[in-house]
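Trainee: Quick one: sequence plus predicted model below, questions after.
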Amino acid sequence: MAVFLPAPRRTPVVIRHSLSILKILTESSVHCRGKSRHAVLFYYFACLQTATMASLTRSIVIGPLSRSSSKSTSSSICAQCRRTFVGSPALQSGHNKWSKIKHDKAAADAKKNAARTVFTKNITLYSKLYGPNLNDNPQLATVVAAAKKAGTPKALIEGAIARGQGKSSEGATLEPVIYEAIVPPNIALVVDAATENTKRVIEDLNQMVKKANGAKSPSKFLFERRGRVIFEKGESGLDVDDIMEDAIEAGAEDLENDEEGNIIVWSDPSSTQQICKAVGSKFNLKIADSDIVWHAIEDTKAPLDSSDELVKFMDLLTSIKDYPDVQAIWSNVSRGNMSDDEWARVTELIDE
């Protein structure tokens with residue numbers, strides 16, 4: 001196998017390829033003008049490597065470069081090496097410490113937010129029923145103390161007390177908003193809100209519903225408006241029969257027990273406060289909840305299966321639930337083909 005070496009009295013190989021590199025760098029300085037320092041360095045090193053390999057290959061295999069061939073040295077650099085940026089992302093590990101911390105923090109934040117929601121709801125309730133003064137309202141004082149102990153911010157507590165009086169934390173009067181929508185697969189929503197800016201709330205809710213492929217549409221006709229008071233079972237041992245007569249006199253229309261043994265009193269929306277004061281005070285019952293609810297008519301309930309629609313529905317409920325002016329979310333959704341955990345998550349996000 002014949003090997004051709006450079007002829008004597010010619011320009012040495014090192015000098016020839018150094019001159020080629022210098023020429024390339026001079027030309028590339030025009031090409032790289034305006035680029036970042038990292039981009040220019042990357043381009044220079046790519047050119048240096050390619051030119052070196054090309055020059056050494058020619059000197060060993062092909063022979064000394066002629067003056068005519070040296071003029072085309074820069075053209076031997078392929079387009080791939082002339083790139084000024086790298087498009088491939090850096091590889092990263094799939095598991096790291098921050099990934100675990102992030103998921104743990106998200107779970108802790110969700111638990112904390114759920115507890116704060118319960119506290120603010122009860123504070124609003126007792127403020128509405130018995131007034132905003134903690135000295136004259138022992139139920140409110142107890143809930144506020146528990147909320148402070150759990151780390152609920154002072155601004156949330158004060159805002160909940162003011163909301164119970166129909167005002168914002170700044171003292172402005174809040175206007176009630178009832179928002180209606182239909183989302184896939186034909187599920188009705190009614191959202192209760194109280195705000196200083198009705199237009200803003202409606203626009204924000206429209207955007208949330210639209211993202212879930214739903215639309216603002218009348219849906220109240222699928223519900224019935226009813227008053228509901230829930231008394232905790234407690235240690236009294238009282239049952240529906242024990243308070244029925246007094247509850248009916250106060251305006252109750254129906255009484256029942258839930259799965260936990262609490263007493264639920266249904267009434268006309270205008271009778272809830274009277275029932276709370278008359279029955280709760282007489283029998284020393286603790287009020288778990290008192291509200292005007294949108295109760296879905298049984299024949300109109302829409303089943304929801306485990307699917308992409310379920311994921312979008314839960315994302316929508318979460319967004320609405322986190323909206324500061326929203327007070328309650330009512331829906332006619334019913335359980336379709338889904339797991340117990342999925343249905344539990346749905347029921348946590350809606351008011352029943």
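Mentor: Thanks, I have it.
Trainee: so where is the stretch 51-200 of the chain shaky, pLDDT-wise?
Mentor: 51-100, 102-103, 106, 110 (pLDDT under 70).
Trainee: so after the longest helix along the chain, what's the next helix or strand?
Mentor: Using DSSP state H, we find that the single longest helix of the chain is helix 97-130. Using DSSP states H and E, the helix or strand that directly follows helix 97-130 along the chain is helix 138-149.
Trainee: tell me which residues in that following helix are buried?
Mentor: Gln139, Leu140, Val143, Val144, Ala147 (16 or more other CB atoms under 10 Å). For the C-beta atoms, the positions are set from N, CA and C on the backbone; glycine is no exception.
Trainee: Outside of that helix itself, which residues are in contact with it?
Mentor: Applying CB atoms under 8 Å, 6 or more residues apart in numbering, the external contacts of helix 138-149 come out as 116, 119-120, 122-123, 126-127, 129-132, 134-135, 154, 156-157, 161, 286-287.
Trainee: which among the residues you listed end up buried?
Mentor: Applying 16+ other CB under 10 Å to the contacts of helix 138-149, the neighbour count classes 116, 119-120, 122-123, 126-127, 129-130, 132, 134, 156-157, 161, 287 as buried.
Trainee: Verify the stated contact: Ile230 with Gly261.
Mentor: No - the criterion here is CB atoms under 8 Å, and Ile230 misses it with Gly261 at 11.2 Å.
Trainee: quick revisit: so which of the buried ones among the contacts of helix 138-149 comes closest to Leu310?
Mentor: For the buried ones among the contacts of helix 138-149, the residue nearest Leu310 by CB to CB is Arg116; the value is 26.2 Å.
Trainee: For the closest one, which non-adjacent residue is spatially closest?
Mentor: Excluding the flanking residues, the one nearest Arg116 by CB to CB, 6 or more residues apart in numbering is Thr152, at 5.2 Å.
Trainee: need the contact list for that neighbour.
Mentor: Contacts of Thr152 (CB under 8 Å, 6+ apart): Ala115, Arg116, Phe119, Thr120.
Trainee: Repeat that for Tyr126.
Mentor: With CB under 8 Å, 6+ apart, Tyr126 has these contacts: Asn137, Gln139, Leu140, Val143, Gly164, Ile287.
Trainee: OK, contacts around the first one?
Mentor: For Asn137, the contacting residues are Tyr126, Ser127, Tyr130, Gly131, taking CB under 8 Å, 6+ apart as the criterion.
Trainee: Distance check, it against Tyr130.
Mentor: Look at Asn137 and Tyr130: by CB to CB, to the nearest Å, they are 4 Å apart.
Trainee: What number of residues are in the vicinity of Pro185?
Mentor: 15 (other CB atoms under 10 Å).
Trainee: So which of Ile230 and Gly261 has more stuff around it?
Mentor: Ile230 (17 against 11).
Trainee: ok so, going back, could I get the contacts of Tyr126 as CSV with distance to Tyr323?
Mentor: Shown next, in CSV, are these (distance: CB to CB, whole Å):
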residue, distance to Tyr323
Asn137, 28
Gln139, 27
Leu140, 25
Val143, 23
Gly164, 19
Ile287, 26
